[in-house]
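Trainee: Attaching a predicted model along with its sequence, questions to come.
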Amino acid sequence: MISYESFLSRDANAFRPSAIRAFARIMNDPNVISFAGGAPNPETFPAEQIATIAGQVIREKRATALQYGPTRGLPRLCESIATICRGRRIDCTAADVSITTGSQQALDIVAHTLLDPGDVVLVELPTYIGGTASFYARSAELAGVEQDDDGIVPHSLAEVAARVRAAGRRVKLLYTIPNFQNPSGRLMSQSRRSEVLEIADRYDFLVIEDDPYGELVYVEHADTTPLKSRDAAQRVIYLGSFSKVLAPGLRCGWIVAPPALLSRFEIAKQAADLCSGMLDQSIVDEFCARGELPRQIDKVRAFYRGKRGVLLDALEQHFRGTAEWTSADGGLFTFLTLDPSVDTTESIDAAVASGVAYIPGAPFFVDGSGRNTMRLTFAKESDDRLREGVVRLASVFATTKC
Ligand SMILES: Cc1ncc(COP(=O)(O)O)c(C=O)c1O
């Protein structure tokens, strides 16, 4: 028998499997009410429209839809994405856009292009596990930055950056999800966004702004204007995605970045997959060209707005005084913080035995904290099951005072 260990690269030895995927088995048991998923609800997918468009592009545009395409993506879709981004007040044209195989590939490409082993990436506490996976896979070191309900805490960001610099190390990147963050559901305030950019200037690092949830807004007052919209110094690499508003099976995300970086990302992408799936891109392209996207976004918002209300009301009823949770003004998640004596990882078996599942918070914290937290999604279950799920959750946790 060959021992493959000696063949593995240094980076492969730094790979970290997703702590969340380990919960997949409990997510699909119909007896268990699941707050544990991270995926959009299939009821929001415009399946009939997609089927019609798919049939049409396959029959009528085979030379594009079934062929290799440009690494940066289908030109007309790049135009549509630039229009979407300008609608978000980002000053860009199609030449500033590269389409990726979901924004997850964008994270991998950016990490591959910018990170050497031992480079430091600053991440929010908590943060998205798919982001940290991409950075760990390049043998980077991750340092956590505190958040509160307004997003990244500036003095924590400056302090961590200063500490890394004092240790003779280089902070290359900050990874942030300012709009309805996964997992916390938080929205970073606009003044915090300005402060983050000032600190990036002061400590000379680049910023990955990951924005897959910015269109999923459920309240009037939320200002989701991206950091990228005020990026005078050109430090921000902006990532977007059609996954949450259209369908994640159409693996379609994008990067908006300065030309000198975009050309490097293009070469990394050539090595990864030559181009993103042309059938997926052709479908998304036609959907956008028909002007369907705004209507679809309205439908998706209405769908989740109701569910979010049901979950927040149930939490208010059963967890008031025993836990705190984020307001989830957009996105797919609320984040619950329980008494410090609680360990949500240890309680997961008891919860599943009571017929309810959640994602323990600890894996989202790179500093090993967050053991008394959990991520809840309102995306998956019916209103009745959301209410019943909170009752079950309360039977497991609500006895400990916060
Ligand atoms: C914050 C964040 N970034 C990126 C992704 C990846 O999305 P996709 O690759 O489907 O665009 C997700 C998926 O859940 C996410 O939550």
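Mentor: Done, it's in.

Trainee: contact partners of stretch 67-77?
Mentor: Applying CB atoms under 8 Å, 6 or more residues apart in numbering, the contact partners of stretch 67-77 are 64, 78, 94, 97-99, 252, 254, 262, 266, 269-270, 274-276, 278, 281-282, 284-285, 288-289. C-beta here means a position set from N, CA and C on the backbone, and glycine is covered the same way.

Trainee: my bad, should have said stretch 176-184
Mentor: By CB under 8 Å, 6+ apart, the residues outside stretch 176-184 that reach it are 38, 124, 126-128, 131, 147, 151-152, 186-188, 193, 196, 207-214, 216-217, 224, 226-227, 326, 328-333, 335, 359, 361, 364, 375.

Trainee: just the contacts of stretch 67-77 that are near the ligand?
Mentor: Applying CB under 6 Å from any ligand atom to the contacts of stretch 67-77, one finds that nothing falls near the ligand.

Trainee: Filter the residues you listed down to just the buried residues.
Mentor: Buried members of the contacts of stretch 67-77, counted by 16 or more other CB atoms under 10 Å: 64, 78, 94, 97-99, 252, 254, 262, 266, 269, 275-276, 278, 281-282, 284-285, 288.

Trainee: Buried residues, the helix or strand residue 297 falls within. List them.
Mentor: Per DSSP states H and E: residue 297 is located in helix 293-319. By neighbour count on 16+ other CB under 10 Å, the buried set for helix 293-319 is 293, 296-297, 300-301, 303-304, 307-308, 310-312, 314-315, 318-319.

Trainee: for it, packing partners?
Mentor: Helices and strands touching helix 293-319, by 3 or more CB pairs under 8 Å, 6 or more residues apart in numbering; DSSP states H and E, are strand 324-325, strand 333-337, helix 383-397.

Trainee: 6 Å - rerun?
Mentor: helix 383-397 (3 or more CB pairs under 6 Å, 6 or more residues apart in numbering; DSSP states H and E).

Trainee: which residues does residue 281 contact?
Mentor: Taking CB atoms under 6 Å, 6 or more residues apart in numbering, we find residue 281 in contact with 74, 77.

Trainee: What helix or strand is it located in?
Mentor: Residue 281 is part of helix 278-289, with elements assigned from DSSP H and E.

Trainee: Distance from the chain centre to that helix, please.
Mentor: Centroid separation for helix 278-289 versus its chain: 22 Å, with CA atoms, centre = their mean, to the nearest Å.

Trainee: ok now do residue 377, which residues does it touch?
Mentor: Residue 377 neighbours (CB under 6 Å, 6+ apart): 35, 37, 332-333.

Trainee: can you tell me how far residue 69 sits from residue 341?
Mentor: According to CB to CB, to the nearest Å, residue 69 stands 55 Å off from residue 341.

Trainee: To clarify, my last question referred to residue 248.
Mentor: Using CB to CB, residue 248 is found at 37 Å from residue 341.

Trainee: now residue 353
Mentor: Applying CB to CB, the value for residue 353 to residue 341 is 21 Å.

Trainee: which regions of the chain lie under the pLDDT threshold?
Mentor: Counting by pLDDT under 70, the low-confidence segments of the chain come to 21-27, 399-402.

Trainee: and the gap between the residue of it found nearest the ligand and residue 78?
Mentor: Per CB to the nearest ligand atom, residue 102 is where the chain lies closest to the ligand, at 2.5 Å. Distance from residue 102 to residue 78, counting by CB to CB: 16 Å.

Trainee: can you check residue 69 too?
Mentor: Going from residue 69 to residue 78 by CB to CB gives 11 Å.

Trainee: again with residue 14
Mentor: Distance, residue 14 to residue 78, using CB to CB: 33 Å.

Trainee: again, but for residue 379
Mentor: Here the criterion is CB to CB. By it, residue 379 lies 29 Å from residue 78.

Trainee: Which strand residues bridge residue 236?
Mentor: Under DSSP bridges, the beta-bridge partners of residue 236 are residue 207.

Trainee: Thanks a lot, catch you later.
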